[in-house]
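Peer 1: give me coordinates for this.
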Amino acid sequence: MRKDEGRTQHQAVRIDFIPVEGYISRPYVQLEAERLWARVWQMACREEEIPNPGDFYTYDIADQSITVVRRQDGAIAAYHNVCPHRGRRLTTGCGRMGRFHCKYHGWQWSLEGTPTHIVDRHDWNDLLSDADVSLVPVMVGTWGGWIFVNMDSDCEPLESFLEPAKSMLDPYEFDKMRYRWRRQVILPCNWKVAQEAFDEGYHVQTTHRQLLAAQDDRSYSKAYGKHGMFGYDAARVRGVPSRRIADEETRRTVSVRDGFSWFVRNIWETLDATVTTAMVRAADRVKNELPVDAPGAEVLAAFARFHREETTADGTPWPDISVEQIIAAGTDWHIFPNMVFLQQPTNLLGYRARPNGDDPDSCIFEVYVLERFAPGKEPKDVQVEIAADWRTADWGLILSQDFQNMGEVQRGMKSRAFKGARPNPLQERAISNFHEALHYYLTAKN
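Peer 2: From the prediction side, this is the model:
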């Protein structure tokens, strides 16, 4: 018998060890569907996707489906996406509707979930009440422009679930950002393998080695309740090559100005995220307006000033956020269970991974970019670009480098010699913390 057949182990997760069963076991996928996805707050969509009454978004997770809808009074509601008559799903994708309508027998419901038309209702006489056939609501909440849902009516409030991440990240005003681009792909790996590839900076020194030419890559990683984050030392000077590839004499004599400007433009050209056009212009100004031997502190201060000037020049607002808040928030957050993003004052690069049915070796992976725009200049109706295989679409160098690892990780984890992952206790703490929280949900008695 293969180690992933017929059993799901609940070995203890340690700061330096994660049992392999969570990545390859089909029973584990089924347990996640029952005890995680059915009980946890999870991001379904963004408010901008359902701006008007009647707009809806269908969110699928494991074998469940939820319809998020903007009601006539402007409030957001969510319902289990199923007809209480014979079980047909009512919505797919996204769109606009005046009422819920079942295409099987023609039953209809208001956007508030109450039945408005039951064909030949008199046939039931008094056997059928409105309560019997109303749509079943799902808990719903919002934060930062995202809409969250929870199928557990006894769940903790979204605000407390998100802490302390919410308090640390609220100054970024994510609710004022809008989609710039969105992409989705099926990846040949477990959803956690995909998610964790963006949950630490430890892999940069090998997977994205080209970036070492202008950054010291060593990172830290911290746990914050169910959530986690990673960041870099505030004293690090971007624009200087990593100690992994350069000696101290080289690091002292390079032009920080040129290295910094190259790094910003390189990220723009190879990722098209975490950098905006205003940031590229600011980096160009750093190179054009500062002396070639400007010290790192001067380069960083000039870029921060130019970035704000270039951003606000066209009317794009700047959030009320301090340098201290930016430093404390780090670089990258993992909001439990499946939401990861890298935040900046004017943009965000987000990731979401979901199981693809009950297959432990496949997941639905989404990447998106949010930005702040000048009033009236926000992109409208940004559609999701869908690819069946990451190799058939142009993802850019950096994401392609990440994707090429995932299938090989999933296959490698099935080796009889592999007992579990060994996360770095200092640079991958967010990953072991994620599995500690996951382990709690899967083993909780209630």
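
Peer 1: around residue 95, how many other residues sit close by?
Peer 2: Using other C-beta atoms under 10 Å, residue 95 has 12 neighbouring residues. From N, CA and C alone the C-beta is placed, and that goes for glycine too.

Peer 1: in which helix or strand would I find it?
Peer 2: Per DSSP states H and E, residue 95 falls inside strand 94-96.

Peer 1: the lengthiest strand in the chain: how far from the chain's middle?
Peer 2: Criterion DSSP state E: the longest strand present in the chain is strand 359-371. Averaged C-alpha coordinates place strand 359-371 at 8 Å from its chain's average position (C-alpha atoms, centre = their mean, to the nearest Å).

Peer 1: report the buried residues of that strand.
Peer 2: Neighbour-count burial for strand 359-371 flags 360-371 (criterion: 16 or more other C-beta atoms under 10 Å).

Peer 1: and of these, the nearest to residue 182?
Peer 2: Proximity of the buried residues of strand 359-371 to residue 182 (C-beta to C-beta) peaks at residue 368, which lies at 4.4 Å.

Peer 1: so who does the closest one touch?
Peer 2: By C-beta atoms under 8 Å, 6 or more residues apart in numbering, the residues touching residue 368 are 179, 181-183, 349-350.

Peer 1: returning to that earlier point: direction included, what does the longest strand of the chain pair up with?
Peer 2: strand 178-187 (antiparallel), strand 347-356 (antiparallel) (DSSP bridges).

Peer 1: so which other helices or strands are in contact with the following helix or strand past the first one?
Peer 2: Next in sequence after strand 178-187, counting helices and strands by DSSP H and E, comes helix 191-196. Using 3 or more C-beta pairs under 8 Å, 6 or more residues apart in numbering; DSSP states H and E as the contact criterion, the neighbours of helix 191-196 among helices and strands are helix 21-24, strand 347-356, strand 359-371, helix 397-412, helix 429-443.

Peer 1: could those go into CSV alongside mean pLDDT and distance to residue 291?
Peer 2: Below are those laid out as CSV (pLDDT from 0 to 100; distance: least, C-beta to C-beta, whole Å):
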stretch, mean pLDDT, distance to residue 291
helix 21-24, 96, 51
strand 347-356, 98, 29
strand 359-371, 98, 32
helix 397-412, 98, 31
helix 429-443, 96, 39
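
Peer 1: and the ones you listed: which comes nearest residue 67?
Peer 2: strand 347-356 (16.5 Å).

Peer 1: how about the closest one: buried residues?
Peer 2: 347-356.

Peer 1: can I get it as PDB, trimmed to CA atoms?
Peer 2: Only the C-alpha atoms of strand 347-356 are listed here, as PDB (Å, rounded to 0.1, in the frame of the first residue of the first chain):
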ATOM      1  CA  ASN A 347       0.000  48.300  -5.100                       C
ATOM      2  CA  LEU A 348      -0.400  44.600  -4.100                       C
ATOM      3  CA  LEU A 349       0.500  41.300  -5.700                       C
ATOM      4  CA  GLY A 350      -1.900  38.600  -4.600                       C
ATOM      5  CA  TYR A 351      -2.100  34.800  -4.800                       C
ATOM      6  CA  ARG A 352      -4.800  32.300  -4.000                       C
ATOM      7  CA  ALA A 353      -4.700  28.500  -4.200                       C
ATOM      8  CA  ARG A 354      -7.700  26.200  -4.000                       C
ATOM      9  CA  PRO A 355      -8.000  22.400  -4.200                       C
ATOM     10  CA  ASN A 356      -9.100  21.200  -7.700                       C
END
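
Peer 1: what angle sits between it and helix 397-412?
Peer 2: Interaxial angle, strand 347-356 versus helix 397-412 (axes from the mean of the first three to the mean of the last three C-alpha atoms, to 10 degrees): 30 degrees.

Peer 1: can you give me how far strand 347-356 is from the chain middle?
Peer 2: So, by C-alpha atoms, centre = their mean, the centroid of strand 347-356 is 3 Å from its chain's centroid.

Peer 1: try stretch 185-197
Peer 2: On C-alpha atoms, centre = their mean, the centre of stretch 185-197 falls 12 Å from the chain's centre.

Peer 1: ok, now stretch 247-255?
Peer 2: With C-alpha atoms, centre = their mean, you get 37 Å for stretch 247-255.

Peer 1: what of stretch 321-335?
Peer 2: Relative to the centre of its chain, stretch 321-335 is centred 16 Å away, using C-alpha atoms, centre = their mean.

Peer 1: name the next helix or strand downstream of whichever strand or helix holds residue 56, please.
Peer 2: Remark: residue 56 resides in strand 55-61, with elements defined by DSSP H and E. Downstream of strand 55-61, the first helix or strand assigned by DSSP H and E is strand 64-70.

Peer 1: give me the contact list for that following strand.
Peer 2: Taking C-beta under 8 Å, 6+ apart as the rule, strand 64-70 contacts 33, 37-38, 44-45, 50-60, 76-82, 89-91, 97, 100, 111, 138, 140, 147, 149, 151.

Peer 1: check which helices and strands the next helix or strand after it is in contact with.
Peer 2: Next helix or strand after strand 64-70 toward the C-terminus (DSSP H and E): strand 76-80. Contact partners of strand 76-80 among helices and strands, from 3+ C-beta pairs under 8 Å, 6+ apart: strand 64-70, strand 139-143, strand 146-150.

Peer 1: let's see 6 Å
Peer 2: strand 64-70 (3 or more C-beta pairs under 6 Å, 6 or more residues apart in numbering; DSSP states H and E).

Peer 1: can you list the strands that the strand it packs on pairs with?
Peer 2: By DSSP bridges, strand 64-70 pairs with strand 55-61 (antiparallel), strand 76-80 (antiparallel).

Peer 1: low-confidence ranges in the stretch 201-350 of the chain?
Peer 2: The model of the stretch 201-350 of the chain has pLDDT under 70 over residues 235.

Peer 1: can you give me the helices for it?
Peer 2: 204-207, 248-253, 256-270, 277-289, 296-312, 323-329 (DSSP state H, counting those that start in this stretch).
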